[in-house]
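S.K.: just need the structure, nothing else, for what follows:
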Amino acid sequence: MDRRRAASHPWPKLPAKDVGAGPFYLIWQYPERSHVSNEQWPYMLEKLTVMQSPELRWPQLKVNAPLPAGAPARRGEEVSPPSVFPVIA
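M.R.: Take a look at the predicted model:
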């Protein structure tokens, strides 16, 4: 969407906030299938950029292959990237 158009047609204010969700709001289809948490519903986005996943960009962050499936580090590997790396360019 053109930013000039977005400025002339602002989003309504969010409940209990002084701002709207625009100019863009990320909407997930089937968030339950991907286990998308509340933190992964960003609003007030100005642009989106497609990038490689953190594990491809920084392979040194991968947990050691021999580590057992139930190890706490495996859970950290699963939940950390969406929370830690969302806006790294």
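S.K.: domains for the chain, by residue range?
M.R.: Residue ranges for the domains of the chain, per automatic domain parsing: 1-48, 49-89.
S.K.: how distant is the last one from the center of its chain?
M.R.: Average the C-alpha atoms of domain 49-89, do the same for its chain, and the two points are 14 Å apart (Cα atoms, centre = their mean, to the nearest Å).
S.K.: got the contact list for the residue sitting furthest away from the middle of the chain?
M.R.: Distance to the chain centre peaks in the chain at Pro66, reaching 29.0 Å (criterion: Cα atoms, centre = their mean). Taking Cβ atoms under 8 Å, 6 or more residues apart in numbering, we find Pro66 in contact with no residue. No exception for glycine: its C-beta is placed from N, CA and C like everyone else's.
S.K.: quick one: secondary structure of it?
M.R.: coil (DSSP: H, G, I helix; E, B strand; the rest coil).
S.K.: can you give me the strands in the chain?
M.R.: For the chain, the strands defined by DSSP state E occupy 24-25, 43-45.
S.K.: nearest to Pro59, of the ones you listed?
M.R.: strand 43-45 (28.0 Å; Cβ to Cβ).
S.K.: got the contact list for the closest one?
M.R.: Residues outside strand 43-45 that contact it (Cβ under 8 Å, 6+ apart) are 14, 19-26.
S.K.: of these, just the buried ones, ChimeraX syntax please.
M.R.: Those of those that count as buried under 16 or more other Cβ atoms under 10 Å are selected in ChimeraX with:
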select :21,22,23,24
